[in-house]
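K.L.:
need coordinates for the following:
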Amino acid sequence: ETHGAASFHAALEAGELVTLPAITTIATSLGARRVSQVALDRAKAHPGAVRTHTMSDQDTVRSMVRFMGDHRLLVEPACAAALSAVYDKAPALQDCE
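P.N.:
Now for the predicted structure:
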């Protein structure tokens, strides 16, 4: 999630639902001010298995540009946010193959 839309990250950190005051990111399609109780409950049911990663809008744009250079495809910011975790070797992905 980008910093301006990190409601799932905030909820996992708090252990309860958190409502963001506003969505303040270029990745507006990520913008849920509050995640569902079901999503949070399922994540909490698997401690340590669900990890979050947050990044800045700058990281997201950098990933958009890099992916465009690598593959000649332009992706929207929410997709680039996910790519950012891969390109930046996010700690949340350390144990993934």
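
K.L.:
for the protein, what's the longest helix?
P.N.:
Across the chain, the longest stretch assigned as helix under DSSP state H is helix 57-71.

K.L.:
give me the neighbour count for residue 23.
P.N.:
When neighbours are counted by other CB atoms under 10 Å, residue 23 registers 16. Just so you know, the C-beta spots here come from the backbone N, C-alpha and C atoms, and that holds for glycine as well.

K.L.:
residues in contact with the nearest residue to it once chain neighbours are set aside?
P.N.:
What sits nearest to residue 23 in space, not counting adjacent residues and going by CB to CB, 6 or more residues apart in numbering, is residue 31, at 3.6 Å. Contact analysis of residue 31 by CB atoms under 8 Å, 6 or more residues apart in numbering lists 5, 23, 25.

K.L.:
again, only using 10 Å
P.N.:
If you count contacts by CB atoms under 10 Å, 6 or more residues apart in numbering, residue 31 has them with 1-2, 4-5, 7, 20, 22-25, 78.

K.L.:
could I get these as a markdown table with distance to residue 14 and pLDDT?
P.N.:
Formatted as a markdown table, the contacts of residue 31 follow (distance: CB to CB, whole Å; pLDDT from 0 to 100):
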| residue | distance to residue 14 | pLDDT |
| --- | --- | --- |
| 1 | 14 | 93 |
| 2 | 18 | 95 |
| 4 | 17 | 94 |
| 5 | 16 | 95 |
| 7 | 10 | 96 |
| 20 | 12 | 97 |
| 22 | 18 | 96 |
| 23 | 18 | 95 |
| 24 | 19 | 96 |
| 25 | 19 | 95 |
| 78 | 23 | 92 |
